[in-house]
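In: I need the structure of the sequence given here:
(2 chains)
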Protein chains: 2
Amino acid sequence: MGELLLSDYVERSKERVVRTLVRWLQIPSISAQAEHTGDVATSADFCAALMSDAGLKKVEVLPTGSEGNAGAPAVYGEWLGAGKDAPTILIYGHHDVQPVDPLGQWRSPPFEPDVSATEIKARGVSDDKGQVLMQIEAIHGLFTEREHLPVNVKFLVEGEEEVGSPHFEQLLRSEGERLKADVVVVSDTEMVAPDIPSTVLSMRGLVTFDVVLRTGSSDLHSGIWGGTVPNAALTAARMVASLHDGHGRVTLPGFYDRVRELSAQEARSLVEVPFDEANFCRQAGVAFLEGEEGRSPYERTGARPTAEVVGIHSGYGDAGMKTIVPAVANFKVALRLVADQRPEEVATAFRQWVAERAPKGVQVTLTPHGSVAPLSTSADHPAVRILSGAIERTWGRRPLFTRGGGSGPEESLGRVLAAPVIFLGVALPEDNFHAPNERLDLHQLWRGIIASGELLVGLADLPNKP
Amino acid sequence: MGELLLSDYVERSKERVVRTLVRWLQIPSISAQAEHTGDVATSADFCAALMSDAGLKKVEVLPTGSEGNAGAPAVYGEWLGAGKDAPTILIYGHHDVQPVDPLGQWRSPPFEPDVSATEIKARGVSDDKGQVLMQIEAIHGLFTEREHLPVNVKFLVEGEEEVGSPHFEQLLRSEGERLKADVVVVSDTEMVAPDIPSTVLSMRGLVTFDVVLRTGSSDLHSGIWGGTVPNAALTAARMVASLHDGHGRVTLPGFYDRVRELSAQEARSLVEVPFDEANFCRQAGVAFLEGEEGRSPYERTGARPTAEVVGIHSGYGDAGMKTIVPAVANFKVALRLVADQRPEEVATAFRQWVAERAPKGVQVTLTPHGSVAPLSTSADHPAVRILSGAIERTWGRRPLFTRGGGSGPEESLGRVLAAPVIFLGVALPEDNFHAPNERLDLHQLWRGIIASGELLVGLADLPNKP
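Out: Prediction:
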């Protein structure tokens, strides 16, 4: 990759980039926990400073939400010097991070970055601060090498992605004019492997629910009442156990009705993704795989909808034993959707499923927690072709097309801004997104900066500029 | 009941007995809470003084446990003046009490007894201080009326019953010679109703297990991995849901093989116990009942073995949502046994059940937490006939035979002392054992003192004194 535009810039900048990233990672910007509200604000300010340093203009921390329902701040910055006839690219990422529990499983403290020659370990390093910095550094590098970008660039770095982006769509709508773009570039995804570059063509949608079951007014003595009163733990377990049938298919009514099958091209690409089950299991830290019968693991994580039980809690859970019949149980379900499923239909199906399965006389409280539609971009889109070229020049290999299993605000971006969404993500499956010991491969980071530069330059040739 | 031996004594003593009980109830002898260790000791001293005042000899507070693992003190007292040829009766009760949470649901402070003409409300008043005082007052009354008892009497009042009697069997073994008895009388159970006297013929055994399932080395992102890796919450829920079959029967291999069916006499007696389902549900605080098909609620809580899920915990349980695939799950099971099930066989069956149901590749950690055998005394035993007579003379009605659902130290008493265990308990289902607003019906207390006197006198005729 020696001849690429930003190769030398990256070589010169490594030490500084690592130092900068480490400082950002020291800010525990956990959006899910109220005690870190100040840290998320500090992280936004830090991100704004990075953007200004890189040469972006009109950098601004954007508050979200409304009075009495404040959200976490996003950060905006732009450079529109390429002129009206050049395409405008909106780059999206987020500066908030996941909670760190279970803390005991971290080998180094999550907010004291552990830097080696090949990787950085810290919460948020790959999801998503490292990838945001990658994009900012590409801009920085282009300005260093050229003093001028061939495209207009806008940055939008969100602060609530890890809690489901509750105020993001509102922000996109209120700032719609300023955020207008021809293409959205997202850097918050993974590649197949360091030597097998890939790009994501779709993201799954998400519908989540919290379910509370109450079978009695209080916990009862299991000796006196056991065997005759309903048990909330058992009731919850039975409902959860019936979420899938014997073939691993989700039992919500009509759940698969709108699921779009893979195109021939995508099906071919998915088959090309090398799959080593032993290695896959090792990366996941599991001993075996399970899921929908008759579908490959890659299909199951990207092209098929799923239902995961995120948690189940009922009764006594501390040390030792307490002989009770629990009266209350809680379980949380995350349903991942694929094109062309509709979140509102799936939510209705889930409510119906709960109503049918909860025994009569059990009090049910259902709380939805956010809803995201699935997103899908065609492999034939010119922006995808330009991205593929940038990745191929950087990694020396044509990228495979994959499907993103996660669900983010990308769908809102594409829909509200009416722009195609493409994915330049350099994290790896072994980077422990959302888990202890999150890491970022530095070689991927360096390549990512170079590829981001290639992409921005390439997008100058985007046809059909409106 | 005017002609019974202790009728006049009780009439004369009511005010004094209530005053004494109130003072004892003011001592918060909560054995489960370390901050009340001193109160449990004070309660033991108070109980010892009551025994001495009643005329018992060699009264002694017995420490339990060992150095570095001290238990709560028991209280011993005896009167052996009836001579070697008279039967010896060991009377068992406990002076410790349950914790008081949820405190907000008490209508009067739990350790400030609320006395009316018909009842006393306070923690421990029926479970078990009131019933222990009932037995002590019977001795006191007999000495007042006769100066001499027709049987030898030993008292053992434990201080750890509410925490599972961890040092009780050790105490029985080390004090075995002193505690030797021909019959054990327990006063720590309920009757069906004030006008429907009853006596318990059995207590259930108990086998408990804590199960930890590990499906992966850490929680995973549900978007990236969901649909293809095993989910610990789902795995636990599936196992728990399969603990019973479609007929409410426990699925452990051979679980029912040794279960003794009710004798014809007991079956008739159980049918006579009035059952008002609406009232039963109201007392339990539930909207409906469930359990083993084809068995009545009374059979299910006393005469049939059961499996209760005491708790299930896996994954995210706090506010909001965290989109993970949980890697670890825990569930706790309490198996209640009936005669002639054997705890060690049931424990083996549970281990086998877990091994068969845990998917291959899931790491299982099984921890047993205590084991109690079921206890059963024949309705034909001479001591049960004498007890029935004493109850019938006092309440004016032949007692029904019931089954105790719980599992206490009674089994150890019967087994270690090799003596039959009979139950003279006067608490009522509405007395709120272990719950807020615990109460004792004073009419039951007065009748209980009289019946205890009748029982001791009656037991002088126990045949087959060894």
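
In: going forward, measure contacts and count neighbours with C-alpha atoms only.
Out: Will do.

In: how about low-confidence regions in chain A?
Out: Applying pLDDT under 70 to chain A flags residues A:1-2, A:464-466.

In: tell me the helices in it, going along the chain?
Out: Per DSSP state H, chain A carries helices over the ranges A:7-25, A:37-54, A:130-146, A:168-174, A:176-179, A:222-225, A:232-241, A:264-272, A:277-284, A:297-298, A:343-357, A:382-395, A:410-417, A:442-459.

In: Columns mean neighbour count and distance to chain B on top of the ones you listed, output as TSV?
Out: What follows is the helices of chain A, written out as TSV (neighbours: other C-alpha atoms under 10 Å in any protein chain shown; distance: least, C-alpha to the nearest C-alpha, whole Å):
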stretch	mean neighbour count	distance to chain B
helix A:7-25	16	20
helix A:37-54	20	16
helix A:130-146	23	17
helix A:168-174	16	17
helix A:176-179	14	27
helix A:222-225	24	4
helix A:232-241	26	4
helix A:264-272	14	15
helix A:277-284	16	7
helix A:297-298	22	6
helix A:343-357	16	13
helix A:382-395	21	22
helix A:410-417	21	14
helix A:442-459	24	19
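
In: partners of residue A:422 in the sheet?
Out: Beta-bridge partners for residue A:422, by DSSP bridges, are residue A:185.

In: Test my guess that it contacts residue A:185.
Out: Yes. Using C-alpha atoms under 8 Å, residue A:422 makes contact with residue A:185 at a distance of 5.1 Å.

In: Same list (the helices of chain A) but as TSV, adding distance to residue B:406.
Out: Shown next, in TSV, are these (distance: least, C-alpha to C-alpha, whole Å):
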stretch	distance to residue B:406
helix A:7-25	55
helix A:37-54	49
helix A:130-146	58
helix A:168-174	55
helix A:176-179	66
helix A:222-225	4
helix A:232-241	20
helix A:264-272	59
helix A:277-284	44
helix A:297-298	49
helix A:343-357	31
helix A:382-395	68
helix A:410-417	56
helix A:442-459	61
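
In: Out of the ones you listed, which gets nearest to residue B:397?
Out: With C-alpha to C-alpha, the closest approach to residue B:397 among those belongs to helix A:222-225: 24.8 Å.

In: by contact count, what packs against the closest one?
Out: In terms of contacts (3 or more C-alpha pairs under 8 Å, 6 or more residues apart in numbering or on different chains; DSSP states H and E), helix A:222-225 is packed against strand A:324-325.

In: Repeat the analysis, applying 6 Å as the threshold.
Out: The helices and strands touching helix A:222-225, judged by 3 or more C-alpha pairs under 6 Å, 6 or more residues apart in numbering or on different chains; DSSP states H and E, number zero.

In: can you list contacts of that helix?
Out: For helix A:222-225, contacts defined as C-alpha atoms under 6 Å, 6 or more residues apart in numbering or on different chains pick out A:323-325, B:405-406.

In: Extract the C-alpha set from that helix and format it as CSV.
Out: Taking Å, rounded to 0.1, in the frame of the first residue of the first chain, the C-alpha atoms of helix A:222-225 are listed here in CSV:
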residue,chain,number,x,y,z
SER,A,222,-41.9,-23.2,49.0
GLY,A,223,-42.6,-25.7,51.7
ILE,A,224,-46.0,-24.4,52.5
TRP,A,225,-47.2,-23.3,49.1
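
In: now that helix, how far from the centre of its chain.
Out: How far helix A:222-225 lies from its chain's middle: 46 Å, per C-alpha atoms, centre = their mean, to the nearest Å.

In: now do stretch A:421-429
Out: On the basis of C-alpha atoms, centre = their mean, stretch A:421-429 sits 10 Å off its chain's mean C-alpha point.

In: Stretch A:331-338 now?
Out: With C-alpha atoms, centre = their mean as the basis, stretch A:331-338 stands 14 Å off its chain's centre.

In: got the contact list for that stretch?
Out: With contacts defined as C-alpha under 6 Å, 6+ apart, stretch A:331-338 is touched by A:204-211, A:305-312, A:374.

In: of those, list those near chain B.
Out: A:306, A:310-312 (C-alpha under 6 Å from any C-alpha of the partner chain).

In: most surrounded residue in those residues?
Out: Counting neighbours by other C-alpha atoms under 10 Å in any protein chain shown, residue A:312 comes out on top of those with 32 neighbours.

In: Name whatever forms a beta bridge with that residue.
Out: Residues in beta-bridge contact with residue A:312 (DSSP bridges): residue A:331, residue B:314.

In: of all the ones next to chain B among the contacts of stretch A:331-338, which comes closest to residue A:297?
Out: If you rank these by distance to residue A:297 using C-alpha to C-alpha, residue A:306 comes first, at 11.9 Å.

In: Distance-wise, check that closest one relative to residue A:243.
Out: The spacing between residue A:306 and residue A:243, counted by C-alpha to C-alpha, to the nearest Å, is 10 Å.

In: Also residue A:342?
Out: If you go by C-alpha to C-alpha, the gap between residue A:342 and residue A:243 works out to 19 Å.

In: can you check residue A:200 too?
Out: For residue A:200, the distance to residue A:243 equals 28 Å [C-alpha to C-alpha].

In: More neighbours: which of the two?
Out: residue A:200 (26 against 22).

In: Would you check that that one makes contact with residue A:400?
Out: No. Taking contacts as C-alpha atoms under 6 Å, residue A:200 lies outside contact range of residue A:400: 8.5 Å.

In: Quick one: end-to-end distance for stretch A:371-381.
Out: First-to-last residue span, stretch A:371-381, C-alpha to C-alpha: 27 Å.

In: Repeat that for stretch A:357-370.
Out: End-to-end distance of stretch A:357-370 (C-alpha to C-alpha): 23 Å.

In: Please apply the same query to stretch A:335-349.
Out: With C-alpha to C-alpha applied, stretch A:335-349 spans 11 Å between its terminal residues.

In: got the contact list for the residue in the stretch 51-200 of chain A positioned nearest to chain B?
Out: Proximity of the stretch 51-200 of chain A to chain B (C-alpha to the nearest C-alpha) peaks at residue A:163, 7.5 Å away. By C-alpha under 6 Å, 6+ apart, the contact set of residue A:163 is residue A:32.

In: Distance of it relative to residue A:125?
Out: Taking C-alpha to C-alpha, one finds residue A:163 at 17 Å from residue A:125.

In: Show me how chain A divides into domains.
Out: Listed by automatic domain parsing, the domain ranges of chain A are A:7-203+A:374-459, A:205-259+A:305-372.

In: To residue B:31, which of those lies closest?
Out: domain A:205-259+A:305-372 (14.4 Å).

In: Let me see the contact set for residue A:190.
Out: So residue A:190 contacts A:425-428 (C-alpha under 6 Å, 6+ apart).
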